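Participant: Provide a 3D model corresponding to the input given below.
(2 chains)
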2 protein chains.
Amino acid sequence: MQGREGHTATLFRKDPLKLDSGATLSPVNVGYETYGSLNADRSNAIIICHALTGDQYVASTHPITGKEGWWSRLVGPGKLYDTDKYFIICSNVLGSCLGTTGPWEENPATGKPWGIDFPVITIRDMVRVQAALLDHLGVETLLMAVGGSMGGMQILEWLCTFPERVHSAVILAAAARHTAQNIAFHEVGRQAVMADPNWHEGRYYDKAAKPDKGLAVARMTAHITYLSENALTEKFGRNLQSREAISFGFEADFQVESYLRHQGSTFVDRFDANSYLYITRAMDYLDIADRHGGRLSDAFKKAAHVRCCVISFSTDWLYPTSENKAVAHALNAAGVPVSFAEIDSPYGHDAFLLDVPQMDHMLTGFLSTAAKTRGLK
Amino acid sequence: MQGREGHTATLFRKDPLKLDSGATLSPVNVGYETYGSLNADRSNAIIICHALTGDQYVASTHPITGKEGWWSRLVGPGKLYDTDKYFIICSNVLGSCLGTTGPWEENPATGKPWGIDFPVITIRDMVRVQAALLDHLGVETLLMAVGGSMGGMQILEWLCTFPERVHSAVILAAAARHTAQNIAFHEVGRQAVMADPNWHEGRYYDKAAKPDKGLAVARMTAHITYLSENALTEKFGRNLQSREAISFGFEADFQVESYLRHQGSTFVDRFDANSYLYITRAMDYLDIADRHGGRLSDAFKKAAHVRCCVISFSTDWLYPTSENKAVAHALNAAGVPVSFAEIDSPYGHDAFLLDVPQMDHMLTGFLSTAAKTRGLK
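Facilitator: Residues are numbered from 1 along each chain as shown, chains lettered A, B, ... in the order given. Sure, this is the predicted structure:
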């Protein structure tokens, strides 16, 4: 995407990245941001993993939207994730569109954008790239790995794949697998993108028009799943737009319609349609237990030294408490020290991005203990 | 739509139908089916109102799909709604596409299909047409009005608008208003249709291609809301299609994807995209309390003589028990005798269409009492 600012690392130049699919990628560019400084004994690094349509600008201005970082409430000098104390790393995931290699990037073999010739990736592939970025940054071990939603799924893959590099982990509003309903909603979104004639089987990068309408519909559908029914009712109810009465037409009569249309139309300015296909696919493929003979706890056998914190939100129906609890139970069964809490919140899945004091309270306490046990003051 | 069979009545020839929008329609064609015979004292008529994408073929073969009627399990000789005893009427709703006037029909003023020049309609408008059909059939009073989902919404409008013509009423899995989340899902569906370039601002009837892709996406989204998360998990879970492993591609790897695609692609053969826009709009506009100063019970003031039965299903998250209970409470507050039950069912909203013995049991008892109190044996 145009207008990106910040750092880019070019990794896997010599040894290609081996993907779960069997395909390889070389090189792999990674767009990332860091905040604060790595201390002398390299013990204060925290990686924050972003969600499906998130980005590395966790605490800096988004280069396209101009909006402040998506977790700038919690990341910065003197804040919960205090950049005066910690070295915070956030990178754009593999397959996304803000500087990290994805379907929008040039395929070295053809000199043209990959489109849907880009290999299908997994959440674990995303984490492999993050591990290589840590190598690049000289970080061997993370004080903490933190993520919500798809970010939380990445943290789980950290615990499976690179447990020796993690001291503590926070998993917010996530799951260790995608359910049938999760897959169903994503499939609708993908079909909306692919139904757009401007999608051109993924080869739209040299065209004047992009599959914006399809991508907007995909975003609108997904957005409904990010909010609780109550949150939508509280926020909009059946309130009308500026009109005094219903129009008996197909314009946006209700505020909720106008809100969703806005969500759809602004999203397409900052996100690539093919990236949306690839990342949703990676999420749908997630089934950590399946890789371990159906027993989720077996996935975390080598993570018994990692202090974990799992948080769910009471009105999250996308990754409900039951899925988060299954993660906490599996960690427990694997001997991993884990604290679990369901936080009462009316906001639905998006709660992890919002100002939820009880979450802040838990995260603060957990970070403080993790830092102490790591020998930090 | 082509291939329709059955009866058509042409109504509102002299006196046009006055719509809630202020517009008028004349004439209005109504596609309908009847089963059984009206008895001598015209006391055994039951109207069954269909849901959003339902039709009048409640107990006969669908002319396009060739499938048996959507409630043939319950309607027929010797069945719950016994056509040896009762005169069953089911008509295609106003705005739909199986013989009843809608956007697909010729606009008398132009000689061309209405498209989106067709006036926006309401659930009450649908019921006005049904009342005129009863006049046409010589039925003054209904022994019973029965409907699920949007059918149940029509029953509520019967109770508000023509209570004197109803002896008893069954409202299944319905609501007296559309919530913000209900509107949101419908708006996504409408935007999917309108995003399809083959929609041509609703003027596609003379074109070779119809907005099938957009309509299929709309149907897929809606279909997710008809099933409970549990039902999807029970039915599909993460089961793969015939392949042995995931394909690392964008074909339908999971059975739930293939199922949804099938739901989308078969729907477009039997339904008109503009009809989908109009009927979803009518549902979104429904807010019976709002028309009565915000007090739902005031809507039912003249229905105190009508025996009512309201049924919700435990896993219905589209029109959940809370919304059905609000209806039952309002009926109660208006002095209407009402029995209410939440039936435990794993199937989500679609339960009212499925074999749910506890529902049959309630409907049987309720019909038997209603018939007795009407003097039928």
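Participant: tell me where chain A has strands.
Facilitator: Secondary structure of chain A by DSSP state E: the strands cover A:7-11, A:17-18, A:24-25, A:28-35, A:45-49, A:75-76, A:81-82, A:87-91, A:106-107, A:112-113, A:144-148, A:168-172, A:307-313, A:338-343.
Participant: report pLDDT for the closest residue to residue A:190 other than its chain neighbours.
Facilitator: Of all residues not flanking residue A:190 in the chain, residue A:277 sits nearest, at 5.4 Å (C-beta to C-beta, 6 or more residues apart in numbering or on different chains). C-beta here means a position set from N, CA and C on the backbone, and glycine is covered the same way. pLDDT for residue A:277: 98.
Participant: cool, and residue A:156?
Facilitator: For residue A:156, the pLDDT comes out at 98.
Participant: how about low-confidence regions in the stretch 151-300 of chain A?
Facilitator: Scanning the stretch 151-300 of chain A for pLDDT under 70 picks out A:243.
Participant: distance of the residue nearest in space to the middle of chain A from chain B?
Facilitator: In chain A, the centroid-proximal residue (C-alpha atoms, centre = their mean) is residue A:51; its distance is 1.6 Å. The gap separating residue A:51 from chain B is 20 Å, by C-beta to the nearest C-beta, to the nearest Å.
Participant: surely the residue nearest to residue A:190 is in contact with residue A:283?
Facilitator: No: between residue A:277 and residue A:283 there is no contact, the gap being 11.2 Å when judged by C-beta atoms under 8 Å.
Participant: so which bits of stretch A:54-63 are buried?
Facilitator: A:54, A:55, A:56, A:57, A:58, A:59, A:60, A:62, A:63 (16 or more other C-beta atoms under 10 Å in any protein chain shown).
Participant: run a quick neighbour tally on the residue nearest to residue A:190.
Facilitator: Residues near residue A:277, counting by other C-beta atoms under 10 Å in any protein chain shown, number 25.
Participant: swap in residue A:110?
Facilitator: Residue A:110: 10 neighbours (other C-beta under 10 Å).
Participant: skipping adjacent residues, who's closest to it in space?
Facilitator: residue A:117 (7.9 Å).
Participant: against chain B, how distant is the one you found?
Facilitator: From residue A:117 over to chain B (counting by C-beta to the nearest C-beta), the distance is 11 Å.
Participant: and that residue, how far from residue A:105?
Facilitator: Going from residue A:117 to residue A:105 by C-beta to C-beta, to the nearest Å gives 11 Å.
Participant: neighbour-wise, which of those two wins?
Facilitator: residue A:105 (19 against 13).
Participant: retrieve the pLDDT associated with the more buried one.
Facilitator: 97.
Participant: I'd say it and residue A:29 touch.
Facilitator: Yes: contact criterion C-beta under 8 Å: residue A:105 and residue A:29 qualify, at 7.0 Å.
Participant: and the residue nearest to residue A:110, what pLDDT?
Facilitator: Here, the pLDDT recorded for residue A:117 equals 97.
Participant: residue contacts, it?
Facilitator: A:107, A:110, A:202 (C-beta atoms under 8 Å, 6 or more residues apart in numbering or on different chains).
Participant: adding distance to residue A:12, write the residues you listed out as TSV.
Facilitator: Formatted as TSV, the contacts of residue A:117 follow (distance: C-beta to C-beta, whole Å):
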residue	distance to residue A:12
A:107	15
A:110	19
A:202	23
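Participant: quick one: residue A:19 from residue B:240, how far?
Facilitator: Residue A:19 is 20 Å from residue B:240, by C-beta to C-beta.
Participant: also residue A:114?
Facilitator: Between residue A:114 and residue B:240 the computed distance is 26 Å (C-beta to C-beta).
Participant: compare these two (neighbour count), which wins?
Facilitator: Legend: neighbour count by other C-beta under 10 Å for residue A:114 and residue B:240, higher for residue A:114 (23 against 17).
Participant: quick one, phi psi at that one?
Facilitator: Dihedral angles phi and psi of residue A:114 (degrees, to the nearest 10) take the values phi -60, psi -40.
Participant: per-residue pLDDT, it?
Facilitator: Listed pLDDT for residue A:114 reads 98.
Participant: where does the stretch 1-150 of chain A dip in pLDDT?
Facilitator: By pLDDT under 70, the low-scoring segments of the stretch 1-150 of chain A are A:1-5.
Participant: what residues does it put near chain B?
Facilitator: Taking C-beta under 8 Å from any C-beta of the partner chain as the contact definition, the stretch 1-150 of chain A meets chain B at A:20, A:21, A:22, A:23, A:116, A:119, A:120.
Participant: can I get the strands of chain A in a markdown table including mean neighbour count?
Facilitator: Conversion of the strands of chain A to a markdown table gives the following (neighbours: other C-beta atoms under 10 Å in any protein chain shown):
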| stretch | mean neighbour count |
| --- | --- |
| strand A:7-11 | 16 |
| strand A:17-18 | 17 |
| strand A:24-25 | 18 |
| strand A:28-35 | 22 |
| strand A:45-49 | 28 |
| strand A:75-76 | 22 |
| strand A:81-82 | 20 |
| strand A:87-91 | 26 |
| strand A:106-107 | 13 |
| strand A:112-113 | 16 |
| strand A:144-148 | 29 |
| strand A:168-172 | 28 |
| strand A:307-313 | 26 |
| strand A:338-343 | 18 |
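Participant: need those strands in TSV (columns: distance to residue A:265).
Facilitator: Converted to TSV, those look like this (distance: least, C-beta to C-beta, whole Å):
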stretch	distance to residue A:265
strand A:7-11	29
strand A:17-18	35
strand A:24-25	32
strand A:28-35	24
strand A:45-49	27
strand A:75-76	28
strand A:81-82	32
strand A:87-91	26
strand A:106-107	28
strand A:112-113	24
strand A:144-148	25
strand A:168-172	28
strand A:307-313	28
strand A:338-343	32
